[in-house]
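Peer 1: my questions are about this predicted structure, shown below with the sequence.
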Amino acid sequence: MGEEDIVIKVDENIPDDEGELRKYLDKMMMKADYIEQELKEHNQVLQAQKNIGMDGPLLDQYNFPRADIDLVAIRKSRNRIICLKNDQRRIMDFIDVALTKLHQMNPKVETDVVSSSNGDNTGDGANTGDGDGGSDTSGGKKRQLTRPPFLRVGGVIIGSPAYESGLMDEDLICQIGSLHKDNFSKLSDVAEVVSHYVNRAVAVKLIRAGTPKTIALKPKPWAGSGVLGCNVNEM
């Protein structure tokens, strides 16, 4: 997927109507998924070049350009990764604002990951399928619905922030904010992400009884301990 394949366009006009706001969130989350997929592909390019990463040396011990790696491909991928990460931060900021707005309209927000199949949420026409979840073929294009789950929810306490946000026991979490199975390593990663969203809404993609859904989780202090009021366990 080259940088010419996707032009990330961010609509800064967040709708006031709840239905339009849900469509807006759908599109923005798809754009975030496009970025995540392209980041993955450019990181794979760097890994293939002797795992050089973003900071590995391009010169040899004699200060000549290294002949054992593709310098053009490395520079292109490094530059694209920097641009994509900037786009990712910007889009996540707009998602946060839109989710907070939706949560204010309806404190117990819960939406299907795909809210329509009429082409409204196909973004800018890019293909998002990467083979790690279900898909539909609306418009003849493979559509990624969800990442594989990596956390299981349990012990949701009535009246807690998790309960008020719509989390339920046995929900399988596929993504919380920018955290998903591919970049998750330990449960403290979840606590770190949640800490950034205290008193703000964060998108949680999950599977409930086989159905993909997205909810707006709003961690906050409450009468109990912590800011969620539930347990999450690694699968």
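Peer 2: Structure's in. What do you need? The model shown is predicted, which means the values in this text are computed figures rather than measured ones.

Peer 1: in the sheet, who's paired with the residue nearest to Pro149 when sequence neighbours are not counted?
Peer 2: Leaving aside its chain neighbours, Pro149 sits nearest to Leu172 (3.6 Å; criterion: C-beta to C-beta, 6 or more residues apart in numbering). From N, CA and C alone the C-beta is placed, and that goes for glycine too. Beta bridges link Leu172 to Arg152, Ile207, judged by DSSP bridges.

Peer 1: is Leu172 in contact with Ala209, as I believe?
Peer 2: No. Counting by C-beta atoms under 8 Å, Leu172 does not reach Ala209; the two are 9.7 Å apart.

Peer 1: neighbour-wise, which of those two wins?
Peer 2: Per other C-beta atoms under 10 Å, whichever of Leu172 and Ala209 has more neighbours is Leu172, with 19 against 9.

Peer 1: centroid-nearest residue for the chain?
Peer 2: Among the residues of the chain, the one closest to the centroid is Ser178, at 4.4 Å (C-alpha atoms, centre = their mean).

Peer 1: can you pull the contacts of Tyr163?
Peer 2: Val156, Ile157, Gly229, Cys230 (C-beta atoms under 8 Å, 6 or more residues apart in numbering).

Peer 1: low-confidence stretches in the chain?
Peer 2: Per-residue confidence for the chain (pLDDT under 70) gives these ranges: 1-12, 103, 106-146.

Peer 1: helices or strands next to the longest helix seen in it in the packing?
Peer 2: Longest helix of the chain, by residue count under DSSP state H: helix 71-105. If you count contacts as 3 or more C-beta pairs under 8 Å, 6 or more residues apart in numbering; DSSP states H and E, helix 71-105 packs onto helix 18-48, strand 202-208, strand 211-217.

Peer 1: residue contacts, the residue nearest to the centre of the chain?
Peer 2: By C-beta under 8 Å, 6+ apart, the contact set of Ser178 is Gln88, Met92, Val193.

Peer 1: try Asp189
Peer 2: Neighbour list for Asp189: Leu179, Asn183 [criterion: C-beta under 8 Å, 6+ apart].

Peer 1: any idea how many residues pack against the closest residue in space to Asp96 that isn't next to it in sequence?
Peer 2: Spatially, and ignoring its direct neighbours in sequence, Asp96 is nearest to Arg200 (5.9 Å; C-beta to C-beta, 6+ apart). By the criterion of other C-beta under 10 Å, Arg200 has 16 neighbours.

Peer 1: A helix includes Arg200, no?
Peer 2: No. Using DSSP: H, G, I helix; E, B strand; the rest coil, the assignment for Arg200 is coil, not a helix.

Peer 1: how far away is it from Asp169?
Peer 2: Applying C-beta to C-beta, to the nearest Å, the value for Arg200 to Asp169 is 24 Å.
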